[in-house]
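Asks: pasting the structure only:
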């Protein structure tokens, strides 16, 4: 395994001026194949979810039609997989690498400590596939850097969730309650969409859910006080607010169980994807990697190792979070 020094530039990173992209937070950093389209401004979070579900299903239907032969691609004896340090690297080491090696491939894992170099390294040919980002980030990055990359399949991802603070249940929602939310634009938008789905806020019609802001709030019937904090501080804020919206990666790193979330964002827009170079999309080795990430063995591993994660839409295993919202809204309105 190789851990890349975050201070070591790759070949084309003079472009690091990208950083309008950095506002697109990656965790709970969300994923699709060529059939997926960029989300129009008028789409809601629910539309994003259904679109992602359909496109991921298309990917895996195509994969199923080309099942593993049990032999490696003769033109690709070694597969280099790039991930960020943490859960995505653990998935490779714990399940994907053993599966591919059993099939006859050599697997090398390269772990990155930032969100810029994995895509550049993929475009440069230094790695063959990366796993770390959601589709909005990938779309924006490849647009700004003119990279010919494509998403191929989703992976289990720690989602954004609403966690208890002073109040411990959704039906305890009350007028004037305080809700801590991430202060960066991307995650703040996700928090607003979540509160809209819960019925605690109402957003204006026909907004882009990926860029929702305070200006897009049409109604705040419960006079919610939004307490904006850096995402990393949110787990520690719970004792000071009624509820807190926390990114999955910060929840897990703070010892919070994802299964303790009172509500998780229903959209699949922020479930992460694996990406490859466009020219490799239909290669046999990509088919084999895709199959490994959708195998029964990997599903069992993910269920045991990453409970509370949002699983790929094609697995059709996630609880319908939107079903919770009407009940929560009714209960809070009854207060």
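Replies: Happy to help now that I have it. These numbers were taken from a predicted model, which means no experiment stands behind them. Numbering: from 1, shown residues only.

Asks: Determine the number of other residues adjacent to residue 148.
Replies: Counted with other Cβ atoms under 10 Å, residues neighbouring residue 148 total 9. Every C-beta, even on glycine, is put in place using the N, C-alpha and C of the backbone.

Asks: what sits against it?
Replies: Counting by Cβ atoms under 8 Å, 6 or more residues apart in numbering, residue 148 makes contact with 123, 142, 277, 278, 279.

Asks: Among those residues, which one has the most neighbours?
Replies: Highest neighbour count within these: residue 123, with 22 neighbours (other Cβ under 10 Å).

Asks: That residue reaches residue 275, doesn't it?
Replies: No - checked against Cβ atoms under 8 Å, the pair residue 123 and residue 275 is beyond contact range at 9.7 Å.

Asks: hey, what's in contact with both of those two?
Replies: residue 149.

Asks: before we move on, back to that, let's see which of the contacts of residue 148 end up in strands.
Replies: Among these, the residues falling in strands (DSSP state E) are residue 277.

Asks: Columns pLDDT on top of the contacts of residue 148, output as JSON lines?
Replies: Converted to JSON lines, the contacts of residue 148 look like this (pLDDT from 0 to 100):
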{"residue": "123", "pLDDT": "98"}
{"residue": "142", "pLDDT": "96"}
{"residue": "277", "pLDDT": "98"}
{"residue": "278", "pLDDT": "98"}
{"residue": "279", "pLDDT": "98"}
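
Asks: Check the offset of stretch 81-88 from the chain's centre.
Replies: 13 Å (Cα atoms, centre = their mean, to the nearest Å).

Asks: Distance across that stretch, terminal residue to terminal residue?
Replies: In stretch 81-88, first residue to last residue: 10 Å (Cα to Cα, to the nearest Å).

Asks: try stretch 224-239
Replies: Distance between the two ends of stretch 224-239: 17 Å, counting by Cα to Cα.

Asks: quick one, what contacts residue 181?
Replies: Neighbouring residues of residue 181 by Cβ under 8 Å, 6+ apart: 187, 188, 191, 192, 226, 227, 228, 229, 234, 244, 245.

Asks: Tell me the pLDDT of residue 270.
Replies: At residue 270, the model reports a pLDDT of 92.

Asks: any idea how far it is from residue 160?
Replies: Relative to residue 160, residue 270 is positioned 7 Å away (Cβ to Cβ, to the nearest Å).

Asks: Tell me how the chain divides into domains.
Replies: Following automatic domain parsing, one gets these domains for the chain: 2-158+268-315, 161-265+321-333.

Asks: Lowest average pLDDT across these?
Replies: domain 2-158+268-315 (a mean of 78).

Asks: which residues in the stretch 201-335 of the chain form strands?
Replies: Shown for the stretch 201-335 of the chain, the strands assigned by DSSP state E, counting those that start in this stretch span residues 202-203, 217-219, 225-229, 243-246, 263-264, 273-277.

Asks: right, and those strands - which one's nearest residue 97?
Replies: Smallest distance to residue 97 across these (Cβ to Cβ): 14.2 Å, for strand 273-277.

Asks: any chance of the strands of the stretch 201-335 of the chain in JSON lines, with distance to residue 147 too?
Replies: Below are the strands of the stretch 201-335 of the chain laid out as JSON lines (distance: least, Cβ to Cβ, whole Å):
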{"stretch": "strand 202-203", "distance to residue 147": "32"}
{"stretch": "strand 217-219", "distance to residue 147": "35"}
{"stretch": "strand 225-229", "distance to residue 147": "32"}
{"stretch": "strand 243-246", "distance to residue 147": "31"}
{"stretch": "strand 263-264", "distance to residue 147": "31"}
{"stretch": "strand 273-277", "distance to residue 147": "9"}
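
Asks: residues in contact with residue 142?
Replies: Counting by Cβ under 8 Å, 6+ apart, residue 142 makes contact with 119, 148, 149.

Asks: again, 7 Å this time
Replies: Contact analysis of residue 142 by Cβ atoms under 7 Å, 6 or more residues apart in numbering lists residue 149.

Asks: how near is it to residue 134?
Replies: To residue 134, residue 142 is 13 Å away according to Cβ to Cβ.

Asks: can you pull the buried residues of stretch 80-96?
Replies: Within stretch 80-96, the residues that count as buried by 16 or more other Cβ atoms under 10 Å are 80-84, 86-92, 94-96.

Asks: of all these, which comes closest to residue 293?
Replies: Distances from residue 293 to the buried residues of stretch 80-96, taken as Cβ to Cβ, are shortest for residue 96 (6.4 Å).

Asks: Who are the contact partners of the closest one?
Replies: Residue 96 makes contact with 292, 293, 298, according to Cβ under 7 Å, 6+ apart.
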